[in-house]
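Chemist: got a sequence here, can you model it:
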Amino acid sequence: VQLQAFGGGLAQVGGSLRLSCVASGSVRDYYAIGWFRQAPGKAREAVSCIGMYDGVIHYADSVKGRSTISKDNAKNTVVLQMNRLVPEDTAVYYCTASRMWGRLCQSQQDEWGQGTKVTVSS
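Modeler: Alright, predicted model coming up:
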């Protein structure tokens, strides 16, 4: 499967961003699509993932309550809406896909997109 991420850029503290991941290829072979991020000098971390067949969702504590992940199976698209942005959201965001049924946002993802940079400033 190929994963294309869209929507990164510059945002202000307290603002919003919408990240889209478009999957192509053997999408049906994958259970979940999600988002990871890596901030400068920090380890990569899971942000949010969604099961494409059952709609089960996982959010990292750092974004829970101010982010929403959604899917459009017909368009093979997953969207992450992030609100009330904080400087700590600054990172490169990666769209990922996993074949492992029933698990979300595990560190071992099967596919990684190219990443899109998000910078949150005041």
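
Chemist: and residue 3, what are its phi and psi?
Modeler: Geometry field for residue 3 lists phi and psi as phi -120, psi 130, criterion degrees, to the nearest 10.

Chemist: quick one: neighbours of the closest residue to it other than its chain neighbours, just the number.
Modeler: Closest residue in space to residue 3, ignoring its immediate chain neighbours: residue 113 at 3.4 Å, by C-beta to C-beta, 6 or more residues apart in numbering. To be clear about C-beta, it is placed using only N, CA and C from the backbone, and glycine gets the same treatment. Applying other C-beta atoms under 10 Å, we find 22 other residues in the vicinity of residue 113.

Chemist: do the same with residue 47
Modeler: Using other C-beta under 10 Å, residue 47 has 25 other residues around it.

Chemist: with residue 4 instead?
Modeler: With neighbours defined by other C-beta under 10 Å, the count for residue 4 comes to 14.

Chemist: might you report the residue contacts of it?
Modeler: Residue 4 is in contact with 21-24, 95, 113-114, counting by C-beta atoms under 8 Å, 6 or more residues apart in numbering.

Chemist: on that earlier part again, from what I see, the residue nearest to residue 3 and residue 5 are in contact.
Modeler: Yes - Residue 113 lies in contact with residue 5 (C-beta atoms under 8 Å); the separation is 4.8 Å.
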